[in-house]
Structure formats: structure tokens, C-alpha cells
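Q: next come a sequence and a model predicted from it.
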Amino acid sequence: MNVPNALTLLRVLFAVAVFFCIAVYRFDFALVFFVLASLTDFLDGWWARKFKQITVFGRIMDPFADKFLICGTFICLVPIPELMRIDDSILPAWTSLQPWMVIVIVGRELLITSLRAVVESSGGDFSAKWIGKWKMGLQCAAVIFCFLYLSGKTGVFYWMITSLWATVIITIYSGVSYCVNAVRMMRGNRSTG
């Protein structure tokens, strides 16, 4: 157990706290725990690289903790009526958070996790690319804007909608990009094997 791994486990605990706060409609506390969890994501990676504390446990648990936090939070937010039925005279209701958006986000994470397991088990390197980091950043921004909106900061409404749609678009784009990359790697392994 080292500092990065402890931070990763702490992120899982923060994620559980986020889910609980959403369940009891304490979106202000959910926001605080979510921001803390997001900071541990940055800090554990930085610490592991700087002090050369990268471990097998960390390589497995770090992406799991990220997906647990993001997917779990979006799943918990779907039933919140204030996010699904927006009261806006300009935008139609379907522009807000919808179940299909969460299905796209969760489905992409499950698919890429499965592809990563296949590629890395055959000796390939399927580590995160810049598009994956942008995707994670936009997902975090969308969640933060949702929490701010639910906490009464209605001025962030258009930021919330924009970040949600940007999240869906980059999630789809990064998923396709990773799939293409995985197919190339598997074809390369087959031809060299």
C-alpha cells in the first residue's frame, strides 16, 4: 500500500459518499465529495509518476475507481426530476440529462474496459490516450454543473446542458477511437503471431 493506491481507495469511498448524498438530495455535499474524488484522480496519477510508485494494483484499481465514480454518479442522477424535465422556454426537455445519455457513457466504459483486458492480455499497451483524459475532464465538468444546478445555481443551466452534450459527443468519439486502435493492435498481434 502506497500513497497513490491509498488515494485511489479514498476515491472509491468518496464515490460512495456522492451516491449517498444524491439519494438524500444533498447536492451541495455531493458536489464537495465529487470534487474531492476528482482531485484524488489527478493526485494519485501525478504522485505515482513523480515518485515511481506505479503498481499492478494501481493500474487495475485506478481506472475502476474512475468508472465507479463517473458511471455511478450519472446513474444516480438519472432519476432526479429536476434534471430530466427542465423548465426552459427555449430548449426542449430532451436536451437535458436523459437515460440514453447515461447508457452511452456506461456502455462505452464497459466496452473499453473489456477491450483493454483483451489487448493487454495479449501483450499490447492500451493505456489512456489524450482523448480519454479530455473525456474524463468533460464528464467531471458535466457532473459538477449538474450538482451546481441542483443546488440552486440556476445561472449554470446552459453550461450544464452544453457540458452534457459535449460529454456524450466526446464519449462516443473516444469510444470509436479506442475501438479502432484495439482492432489495429489485435490484427497486428495476429499477423506477428
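A: It's in.
Q: give me the buried positions along stretch 74-93.
A: Within stretch 74-93, the residues scored as buried using 16 or more other CB atoms under 10 Å are 74-77, 83, 86. Quick note: C-beta positions are derived from backbone N, CA and C, even for glycine.
Q: closest to Ser177 out of the residues you listed?
A: Phe74 (20.7 Å; CB to CB).
Q: residues touching that closest one, list them.
A: Contact analysis of Phe74 by CB atoms under 8 Å, 6 or more residues apart in numbering lists 97, 101-102, 105-106, 139, 143.
Q: just the element for it, please.
A: helix 56-77 (DSSP states H and E).
Q: what sits up against the helix or strand following that helix?
A: Once the chain leaves helix 56-77, the next helix or strand it forms, by DSSP H and E, is helix 81-84. For helix 81-84, the surrounding residues in contact (CB under 8 Å, 6+ apart) are 77-78, 93, 96-98, 146, 149-150.
Q: narrow those to those in strands?
A: Using DSSP state E, no member of these falls within strands.
Q: any idea which of those is least confident?
A: Ranked by pLDDT, those bottom out at Ala93 (76).
Q: residues in contact with that one?
A: 84-86.
Q: sorry, back to before: show the buried residues in the contacts of Phe74.
A: Using 16+ other CB under 10 Å, the buried ones in these are 97, 101-102, 105-106, 139, 143.
Q: give me the packing partners of the helix ranked longest in the chain, helices and strands only.
A: The helix that spans the most residues within the chain, counting by DSSP state H, is helix 157-192. Judged by 3 or more CB pairs under 8 Å, 6 or more residues apart in numbering; DSSP states H and E, the packing partners of helix 157-192 are helix 99-121, helix 130-150.
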